[in-house]
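K.L.:
quick one: sequence and predicted model below, then my questions.
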Amino acid sequence: MNILYDARLDGELIDRDKREVLDALEHAAPTLTLLSREEDLRPFECDGLAAYRVLPMLVALPENLEQVEALLKCCFELGVPVVTRGAGTGLSGGALPLEQGVLLVMSRFNKIIDVDPDARLARVQPGVRNLAISEAAAPFGLYYAPDPSSQIACSIGGNVAENAGGVHCLKYGLTVHNVLRVDVLTIEGEHMTLGSEAFDAPGFDLLALINGSEGMLGVVTEITVKLLPKPTVAKVLMASFDDVEKAGRAVGDIIAAGIVPGGLEMMDKLAIQAAEDFVRAGYPLDAEAILLCELDGVEADVDDDCETVRRVLERAGATDIQQAKDEAERAKFWAGRKNAFPAVGRMSPDYYCMDGTIPRKELPRVLKGIAALSEESGLRVANVFHAGDGNMHPLILFDANKEGELELAEDVGGKILELCVAAGGSITGEHGVGREKINQMCSQFQADEITVFHAVKAAFDDKRLLNPGKNIPTLARCAEFGAMHVHNNDLPHPELPRF
Amino acid sequence: MTEPATDPATRAPDRDISEALCQQVANAYQSRAPLRIKGGDTRAFYGRPVEGITLDMAEHSGIITYDPVELVVTVRAGTRLEALEAALKEQHQMLPFEPPRFGQASTIGGAVATGLSGPRRPWAGAARDFVLGSHVITQQGKLLRFGGEVMKNVAGYDISRLMTGAQGTLGVLADISFKVLPLPAATDSLRLDDIGIDDALKTLSTLGREPLPITGAAWHQNALFLRLEGGQSSVKATRERLGGETLADDFWTQLRDHQHDFFTLKSGQALWRASLPPHTAPLDIDVDEADSFYDWAGSQRWIKTRDGEALRRACQQAGGHATCFTPAAMGGTDSPFTPLDPVVEKYHKRLKAELDTHGIFNPGRLYAGL
Ligand SMILES: Cc1cc2nc3c(=O)[nH]c(=O)nc-3n(C[C@@H](O)[C@H](O)[C@H](O)COP(=O)(O)OP(=O)(O)OC[C@H]3O[C@@H](n4cnc5c(N)ncnc54)[C@H](O)[C@@H]3O)c2cc1C
Ligand SMILES: Cc1cc2nc3c(=O)[nH]c(=O)nc-3n(C[C@H](O)[C@H](O)[C@H](O)COP(=O)(O)OP(=O)(O)OC[C@H]3O[C@@H](n4cnc5c(N)ncnc54)[C@H](O)[C@@H]3O)c2cc1C
């Protein structure tokens, strides 16, 4: 079985001759930059999930809408699959190429078209980097709220496709809450505007549907985002705990006190150590866990809230509480958290990042489960969370050069996700299903639910040409994966062959 | 824990009739007989009339789970808005999108299906922004779960948000999970007099660029109405800075529920809702200033007019759209919602054909043929 694409389980793809496709595209879009030599294709063989690599048949680097439209019409005609790519920082293999497909790279669509401070919105092309939007808005005292840790590199188009989050989304929302309008090209090459600069648009909320659709329903070609006024002040408290579960409970206590922090993050001992070695954030090395709690807004309120949170943390058993004394120290505290992934990367040849979400109250129980899995497998697991919204990022440390360790890591990862689902959560909070979690989809959803997803897909792309093999598994795959929910001992779809 | 609600009228009866509802939908699918999904029927005036057998959601009521610490509540669709809001209030929490209530019988399912949001919308978000998940009854009468009770979940397409505002034309909402938020610690409302609309819009856009605790901004007949919500200190400081007369709190619920005197129509008039990009100048239409009420800092305008088509054209030119809130039978229009662009319409039809193949869910409610 091929983990990268398996025609038997993911559906047959048309095998076109590369020369034929290249000729057709050159004819359809004479000015389009197309890469076809192996050495030119190599840099595009994977996204942020580097364990999965495939050389695409061709890479297209369009610079204008006409080229994208012509490419899509041509591929639709030929039945050639299209995988869209933004900056390639995705962690679930969403932009993983296909041998028989064209990789449509949107990175040259990198213009900020307009920043309108009166309407507090920005119109941008999909290849614009997340951070660049806030930089362009800064002169007006405004910013774009969702801030994935990858914000210096990831594209806003990729953010829309993944419905990306960040450390501030408990208070300010995910991408879907901050995007007003997108322009989309369908696989048939038709233009559509979804949403509006007004707060709503007539008809179905297709804008909400496009957010998080992982390049399966259309290609995003322009985005209008909401900008917010920068809070006057932001203060951050760092609390140390001698016990991970106590830290977990403190998270709930803060919310119960009626406070919605701008950011509420948690790291465990291994993650603290890694971050401290890497960026010297000033984290306590003897703590079992730390919480970072950012409170932002108007100075007087923030001071009141800091006091409340401090009291809550003390009561929750924090062994030490520090408040960043200035902007420099605040940035230092956050640097440790924002660099946690690369920091862990320095501790181990490879790591595998999970993205499960759970109801906050399940945190202590799920952490225990993860610790048990780590012990049982002998693989170390560092835990980094968006604790405020129950989004965990366990990082499983392994060495791909050691026989069987990648498989072991994937196995532990799969079990962690099943823990999350069993606790009432989800297999992915922000990184998306992509290729990586295609099997785990079968444990979160029943066959009938997956059938509804296929129906939505069919409405937009009935030939299954956009990003095939990603996001939504076929029922045949779920039958084979075997983790499909079984009710009353009846296998769903007994008519399906099981391989 | 605080005391349970003392007034039984505001408590939601705990009744799960999902099996019967599924059966009724399955029968309708078999016999291809359209259904008219009914919540409290208080918004029946909204949208196009539907011919069909009634699918009554009101009996399917009750709060299934509510955990204030998680900031999540899951309710059956037939639960009365009033009961849900009372339960949240006991825990000092709220539905931040302030769903309008057009009568005591208004249900949470009807509120989500119509997708309407109150005065706080530009600052807090819309109904769909707080929908975390739902159980949906599909055309074949199956009860399926999409989304969940967690803050973040990007597995699969966002079916729950797709259903929000779809007015029951894609499926039946059986229950819905919402993100809720704490009630603001402090609130204050004020009224600034003798301010024309151009100045009001200018003031709002200047204030909007500062992190002020504004969560309501309306304008009518040379008065600017502002609501402040947030921490004690910032609400007090902002109020001192802005001055003005104190405004009764119920101003905002009256506006939300169309109880304000403005909403009385003169003969021949219809009530329209204009939804416009922020900071749009007053529309160039032949309407008395007294017949316009600006909400959402100018993005949502209620307009009483005899010439809806002219209003609709002006809204479209400004990058927005217009919806008629007066039923056709009472002087409104046959197409209350702005017609869709042809490509967008094509994908609406395809989606409808996939999820409601025989057109049993509220056919024609949004648009003819959808
Ligand atoms: C005098 C008067 C004035 C009114 N003025 C206004 C007004 O200005 N603005 C306004 O918006 N409304 C107005 N209404 C109508 C108002 O009452 C709405 O209908 C109400 O807000 C919706 O709540 P409901 O439970 O009554 O929903 P219903 O009216 O029962 O349903 C509203 C819509 O949602 C659908 N629906 C309901 N439940 C579900 C479900 N579980 N799953 C899927 N779809 C569902 C229905 O099919 C319908 O399309 C007025 C009504 C009256 C009598
Ligand atoms: C160190 C690190 C930290 C990270 N931290 C976070 C975090 O805190 N929060 C978070 O949410 N994510 C995080 N990520 C994941 C990743 O950055 C996000 O998923 C991001 O949104 C991907 O954007 P991209 O431009 O790199 O997209 P890509 O990886 O290129 O593509 C991702 C998906 O989007 C689709 N896509 C891209 N562009 C378009 C388009 N224009 N139209 C249609 N579909 C498109 C692709 O087909 C693919 O399915 C992190 C990644 C790394 C490496």
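P.N.:
Ah, there it is. This one's a predicted model, so the numbers in the text were calculated from it and none came from an experiment. Ligands and ions are numbered 1, 2, ... in the order given.

K.L.:
any stretches of the chain with poor pLDDT?
P.N.:
Defaulting to chain A. Along chain A, segments meeting pLDDT under 70 span A:1, A:482-499.

K.L.:
actually chain B
P.N.:
Ranges of chain B meeting pLDDT under 70: B:1-10, B:43-45.

K.L.:
report the residue ranges of every domain in it.
P.N.:
Residue ranges for the domains of chain B, per automatic domain parsing: B:8-182, B:186-256, B:261-330.

K.L.:
buried deepest among those domains, which one?
P.N.:
Per residue and on average, the most neighbours among the domains of chain B fall to domain B:8-182, with a mean of 21 (mean count of other Cβ atoms under 10 Å in any protein chain shown). (Each C-beta comes from the backbone N, C-alpha and C, glycine too.)

K.L.:
that domain and ligand 2, are they touching?
P.N.:
No - contact between domain B:8-182 and ligand 2 is absent, the nearest approach being 8.3 Å (criterion: Cβ under 6 Å from any ligand atom).

K.L.:
wait, B:Arg273 sits on B:Gly320?
P.N.:
No - using Cβ atoms under 8 Å, B:Arg273 makes no contact with B:Gly320, being 10.1 Å away.

K.L.:
could you dump the domains of chain B to TSV with distance to A:Leu209?
P.N.:
Shown next, in TSV, are the domains of chain B (distance: least, Cβ to Cβ, whole Å):
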stretch	distance to A:Leu209
domain B:8-182	5
domain B:186-256	27
domain B:261-330	19
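
K.L.:
starting at the chain centroid, how far to stretch A:246-259?
P.N.:
On the basis of Cα atoms, centre = their mean, to the nearest Å, stretch A:246-259 sits 25 Å off its chain's mean C-alpha point.

K.L.:
may I see the buried residues of that stretch?
P.N.:
For stretch A:246-259, the neighbour count (16 or more other Cβ atoms under 10 Å in any protein chain shown) marks A:Lys246, A:Ala247, A:Gly248, A:Arg249, A:Ala250, A:Val251, A:Gly252, A:Asp253, A:Ile254, A:Ile255, A:Gly258, A:Ile259 as buried.

K.L.:
for A:Lys230, find the nearest of the domains of chain B.
P.N.:
Distance to A:Lys230, taken as Cβ to Cβ, is lowest for domain B:186-256 among the domains of chain B, at 6.7 Å.

K.L.:
and the closest one, how far apart are its ends?
P.N.:
For domain B:186-256, the separation between the terminal residues is 20 Å (Cα to Cα, to the nearest Å).

K.L.:
that domain vs chain A: in contact?
P.N.:
Yes - judged by Cβ under 8 Å from any Cβ of the partner chain, domain B:186-256 comes into contact with chain A through B:205, B:208-213, B:230-234, B:237.

K.L.:
out of those residues, which is nearest to A:Leu228?
P.N.:
Lowest distance from A:Leu228 to the residues of domain B:186-256 next to chain A (Cβ to Cβ) belongs to B:Pro211, with 7.9 Å.

K.L.:
and the closest residue to ligand 1 within the stretch 201-350 of chain A, how many neighbours?
P.N.:
Of all residues in the stretch 201-350 of chain A, A:Phe204 sits closest to ligand 1, at 13.1 Å by Cβ to the nearest ligand atom. A count of nearby residues for A:Phe204, using other Cβ atoms under 10 Å in any protein chain shown, gives 26.

K.L.:
from B:Asp284, how far off is the closest residue to it other than its chain neighbours?
P.N.:
Among residues not flanking A:Phe204 along the chain, B:Ala166 sits closest, at 5.4 Å (Cβ to Cβ, 6 or more residues apart in numbering or on different chains). Using Cβ to Cβ, to the nearest Å, B:Ala166 is found at 33 Å from B:Asp284.

K.L.:
and B:Gly141, by the same measure?
P.N.:
B:Gly141 is 50 Å from B:Asp284, by Cβ to Cβ.

K.L.:
hmm, A:Asp40 is touching A:Val59, no?
P.N.:
Yes - assessed by Cβ under 8 Å, A:Asp40 is found in contact with A:Val59 at 7.0 Å.

K.L.:
pick out whichever of those two has more residues nearby.
P.N.:
Counted by other Cβ under 10 Å, A:Asp40 and A:Val59 do not tie: A:Val59 has more neighbours, with 22 against 12.

K.L.:
partners of whatever helix or strand that one lives in, with directions?
P.N.:
Per DSSP states H and E, A:Val59 falls inside strand A:58-61. Sheet partners assigned to strand A:58-61 using DSSP bridges are listed as strand A:33-35 (antiparallel), strand A:102-105 (parallel).

K.L.:
report the central residue of chain B.
P.N.:
Nearest to the geometric centre of chain B sits B:Leu116, at 1.3 Å (Cα atoms, centre = their mean).

K.L.:
test my guess that it contacts B:Pro100.
P.N.:
Yes - B:Leu116 is in contact with B:Pro100 according to Cβ under 8 Å; the separation is 5.2 Å.

K.L.:
near whichever residue of the stretch 151-300 of chain A sits closest to chain B, how many other residues are there?
P.N.:
Relative to chain B, the nearest point of the stretch 151-300 of chain A is A:Ala300 (3.1 Å; Cβ to the nearest Cβ). Using other Cβ under 10 Å, the number of residues around A:Ala300 comes to 18.

K.L.:
that one and B:Gly230 touch, don't they?
P.N.:
No - taking contacts as Cβ under 8 Å, A:Ala300 lies outside contact range of B:Gly230: 10.0 Å.

K.L.:
and A:Leu25, what element?
P.N.:
Assigned by DSSP H and E, A:Leu25 falls in helix A:18-28.

K.L.:
state the distance from the residue in the stretch 251-370 of chain B that ligand 1 sits nearest to to B:Asp193.
P.N.:
Closest approach between the stretch 251-370 of chain B and ligand 1, counting by Cβ to the nearest ligand atom: B:His258, at 4.2 Å. Separation of B:His258 from B:Asp193 (Cβ to Cβ): 24 Å.

K.L.:
now A:Val167
P.N.:
43 Å.

K.L.:
cool, A:Glu66 as well?
P.N.:
54 Å.

K.L.:
same deal with A:Glu436?
P.N.:
Going from A:Glu436 to B:Asp193 by Cβ to Cβ gives 60 Å.

K.L.:
just to revisit the earlier point, looking at the strands paired with strand A:58-61, which is closest to A:Glu294?
P.N.:
Closest approach to A:Glu294 among the strands paired with strand A:58-61 is made by strand A:102-105 (35.0 Å; Cβ to Cβ).

K.L.:
and the contacts of the closest one?
P.N.:
A:21, A:25, A:44, A:56-62, A:68, A:71, A:75, A:80-85, A:95, A:97, A:219 (Cβ atoms under 8 Å, 6 or more residues apart in numbering or on different chains).

K.L.:
CA atoms only for that strand, dumped as CSV, please.
P.N.:
What follows is strand A:102-105, C-alpha atoms only, in CSV (Å, rounded to 0.1, in the frame of the first residue of the first chain):
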residue,chain,number,x,y,z
VAL,A,102,0.1,19.6,-11.8
LEU,A,103,1.3,21.5,-8.8
LEU,A,104,-0.2,25.0,-9.0
VAL,A,105,2.0,27.3,-6.9
